[in-house]
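In: structure, please.
(one chain, ligands or ions: 1)
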Amino acid sequence: MTERTLVEQTVEMIGQVVTIKGWVSTKRDHGKLTFIDLRDRSGTVQCVGYQKMGELTTESVIEINGLVKARPEKMINSNSPTGTIEIDVQEYAVLNKAKELPIQVEGNGREVNEEVRLKYRYLDLRRERMHKIVQLRSDFYAALRNNLAQKSFVEVETPMLTKSTKEGARDFIVPSRLQPGKFYALPQSPQQYKQLLMTAGVENYFQFARCIRDEDLRADRGFEFTQLDLEMSFVQREDVMSTVEEIVKSSVKAVGGQLQQEQFPVFSYQEAMEKFGADKFDLRTEQEKKEGLLAFAWVVNFPFFKKVDKADKAEVQDGKSGWTFTHNPFSAPIPEHEEWLLKGENVAQILTTQYDLVCNGYEAGGGSIRAHRPELLKATFKVMGYSDAEIQASVGHMLEAFEVGTPPHGGIALGLDRYVMILANENSLREVIAFPMNSSGKTAVMDAPSEVSAELLKELSLKIVG
Ligand code: ASP
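Out: I've put the predicted structure just below:
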């Protein structure tokens, strides 16, 4: 195979014959001359064909052998990084011909109907704006991994086929073929496994975790999302907050993000409600919004429990007593309120160790110090109205692990889709997910959910009723 030169390298190669490969971005026929803008992942370059290149269609994939030539002074295009050169085509080959496209790849795509963009997402992603977002996401992940490694965090994967972990949403369930009538749940988060890794002595864990929650779909949100999930042993609330703050600051800056404040301010839930009327708020001035600054803040001292919302089946199921958790049933209360929790007293006043990270009006993360002693976790489920047998069935495995040497621990999860959305200055999560779902839960490109055959249902011992 001839060695491939990337478009961005051609500017340095005047006088040389190169082989470039990519997509026909535009084609202009001028009689004997054809001008092609060839695009690859590194940029676009003008190619001039003296022979006919009439059969080339835009967005076809081609290969060109050609001589890199300096452009005459008055032909230089200062808007393009390769505007000082052009390539004289000697030979070319079509590697994959494009027929007429269902959507335009040029422009930012915002004028195109979203359903159509998602159906042809592989074309939609070709546009420069989308390429930049895909790259930004990758760079941000690399920066996070780098910062986590520097702090001795260990990356561990946890199961996708598992048992329910409560995060306040419904589970997606998966039937077991080998054990008819039994089901796995897809993880709403790795919460319990990451705590068990603390029992296992991992001390500092992280994972880029896919989380799957059957929630009522909000305007820009699908059923699955990605969290940076982490957990640390032998820590108190302030330790987790300061470690996370350092990692977030450094990673955000590594991809060009600018912070409004170097030190994230901390508000109590009560202060936040009084000051902003909500536990998510935007600290930026109009000017700072224009400048695209990131304004982070912590919120702490949330109530542990709330009255159940009778319209929400998942909440009603958890809160048999009329109370359910506000954030996470595995959290510890603040130390001053441990006694109340153990006795099931003053339930409305019990505060949790939960900390939420807010950025530009969005919730950008949340976590807590955990109840690592069995009696505390049991007390939480008691407050929610679970019987002893129900507690055993639901979190018996955690209680067992808490009796064999589990260190005090706490952690957090950061909603990465949201970070990328803020960093890319976009308003919708769908813009920063390669293959997002639409607002009614249909997958991009492929038509799911869809029906399955009668044979498959039989093999799974399932019957569709109604
Ligand atoms: N499991 C929690 C969540 O997914 C985060 C945490 O407390 O670490 O929101």
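In: now do the helices in the stretch 351-466 of the chain.
Out: Here the stretch 351-466 of the chain has its helices, by DSSP state H, counting those that start in this stretch, at 374-383, 388-401, 416-423, 454-459.
In: please name the residues that touch V308.
Out: Residues in contact with V308 (Cβ atoms under 8 Å, 6 or more residues apart in numbering) are E315, V316, D318, G319, G322, W323, T324. Backbone N, C-alpha and C define where each C-beta goes, glycine included.
In: most neighbours of all those residues, which one?
Out: Counting neighbours by other Cβ atoms under 10 Å, T324 leads the contacts of V308 with 24 neighbours.
In: would you tell me whether the helix or strand encompassing it gets close to the ligand?
Out: If you go by DSSP states H and E, T324 is part of strand 323-325. No. Shown here: strand 323-325 not in contact with the ligand (Cβ under 6 Å from any ligand atom), separated by at least 11.0 Å.
In: now do the host helix or strand of K253: which elements does it pack against?
Out: Element membership for K253 (DSSP H and E) is helix 237-254. Using 3 or more Cβ pairs under 8 Å, 6 or more residues apart in numbering; DSSP states H and E, the elements in contact with helix 237-254 are helix 128-150, strand 224-233, strand 296-300, strand 355-359, strand 362-369, strand 409-415.
In: from the ligand, how far off is the most centrally placed residue in the chain?
Out: The centre of the chain sits closest to D417, judged by Cα atoms, centre = their mean, with a distance of 3.1 Å. With the distance defined as Cβ to the nearest ligand atom, to the nearest Å, D417 ends up 13 Å from the ligand.
In: before we move on, what about R430?
Out: 21 Å.
In: what's the neighbour count on the closest residue to that residue other than its chain neighbours?
Out: In space, and not counting its chain neighbours, R430 is closest to P436: 4.1 Å by Cβ to Cβ, 6 or more residues apart in numbering. By the measure other Cβ under 10 Å, the count of residues near P436 is 23.
In: could you measure from P436 over to the ligand?
Out: 19 Å.
In: and if you look at N301?
Out: Applying Cβ to the nearest ligand atom, the value for N301 to the ligand is 16 Å.
In: dump the residue contacts of that residue.
Out: With contacts defined as Cβ under 8 Å, 6+ apart, N301 is in contact with S268, Y269, Q270, I334, L351.
In: so the closest residue to it other than its chain neighbours bridges to which residues?
Out: Spatially, and ignoring its direct neighbours in sequence, N301 is nearest to S268 (4.3 Å; Cβ to Cβ, 6+ apart). With DSSP bridges as the criterion, S268 is bridged to V300.
In: mind checking pLDDT for S268?
Out: On pLDDT, S268 comes in at 98.
In: what's the answer for M1, then?
Out: Confidence at M1, expressed as pLDDT, is 55.
In: how about the one 10 residues further on?
Out: With respect to pLDDT, V11 has a value of 97.
In: and for S164?
Out: 79.
In: elements contacting the helix or strand just after the strand holding T324?
Out: Per DSSP H and E, the first helix or strand lying C-terminal to strand 323-325 is helix 338-343. Packed against helix 338-343 by the contact rule (3+ Cβ pairs under 8 Å, 6+ apart) you find helix 374-383.
In: does the helix it packs on reach the ligand?
Out: No. Using Cβ under 6 Å from any ligand atom, we find that helix 374-383 stays clear of the ligand, coming within 13.7 Å at best.
In: returning to what we had before: from the contacts of N301, list just the buried residues.
Out: The neighbour-count test (16 or more other Cβ atoms under 10 Å) marks Y269, I334, L351 as buried among the contacts of N301.
In: and the contacts of the helix or strand where Q46 lies?
Out: Following DSSP H and E, one finds Q46 within strand 43-49. Strand 43-49 has contacts (Cβ under 8 Å, 6+ apart) with 6-8, 10, 20, 25, 33-38, 64, 66, 77, 80-82, 85-89, 92.
In: CA-only coordinates of it in PDB, if you can.
Out: This file holds the C-alpha atoms of strand 43-49, laid out as PDB (Å, rounded to 0.1, in the frame of the first residue of the first chain):
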ATOM      1  CA  GLY A  43      -8.600  18.900   7.300                       C
ATOM      2  CA  THR A  44      -9.400  19.800   3.700                       C
ATOM      3  CA  VAL A  45      -7.200  20.500   0.800                       C
ATOM      4  CA  GLN A  46      -7.800  21.700  -2.800                       C
ATOM      5  CA  CYS A  47      -6.900  19.300  -5.600                       C
ATOM      6  CA  VAL A  48      -6.900  20.200  -9.300                       C
ATOM      7  CA  GLY A  49      -7.600  17.600 -11.900                       C
END
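In: coming back round to it: can you put the buried ones among the contacts of N301 in JSON lines and add distance to the ligand?
Out: Formatted as JSON lines, the buried ones among the contacts of N301 follow (distance: Cβ to the nearest ligand atom, whole Å):
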{"residue": "Y269", "distance to the ligand": "16"}
{"residue": "I334", "distance to the ligand": "15"}
{"residue": "L351", "distance to the ligand": "16"}
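In: hang on, the earlier thing: sheet-wise, list the partners of the strand holding Q46 with their directions.
Out: Using DSSP bridges, the strands paired with strand 43-49 are strand 33-40 (antiparallel), strand 85-96 (parallel).
In: just name the most buried of those strands.
Out: Counting by mean count of other Cβ atoms under 10 Å, strand 33-40 has the highest mean neighbour count of the strands paired with strand 43-49, with a mean of 20.
In: relative orientation of that one and helix 128-150 in degrees?
Out: 30 degrees (axes from the mean of the first three to the mean of the last three Cα atoms, to 10 degrees).
In: what does this structure put close to the ligand?
Out: Within the chain, the positions adjacent to the ligand are E167, S189, Q191, Q227, N328, G366, G367, S368, G411, I412, A413 by Cβ under 6 Å from any ligand atom.
In: which of the residues you listed has the weakest pLDDT?
Out: Across the residues of the chain next to the ligand, the smallest pLDDT goes to E167, namely 81.
In: list the residues that contact that one.
Out: Each residue near E167 by Cβ under 8 Å, 6+ apart is listed here: Q188, S189, Q191, C211, R213, N328.
In: which residues touch the residue of the stretch 151-300 of the chain found nearest the ligand?
Out: At 3.5 Å from the ligand, S189 is the closest residue in the stretch 151-300 of the chain, using Cβ to the nearest ligand atom. S189 makes contact with T165, E167, A209, C211, Q227, D229, A413, according to Cβ under 8 Å, 6+ apart.
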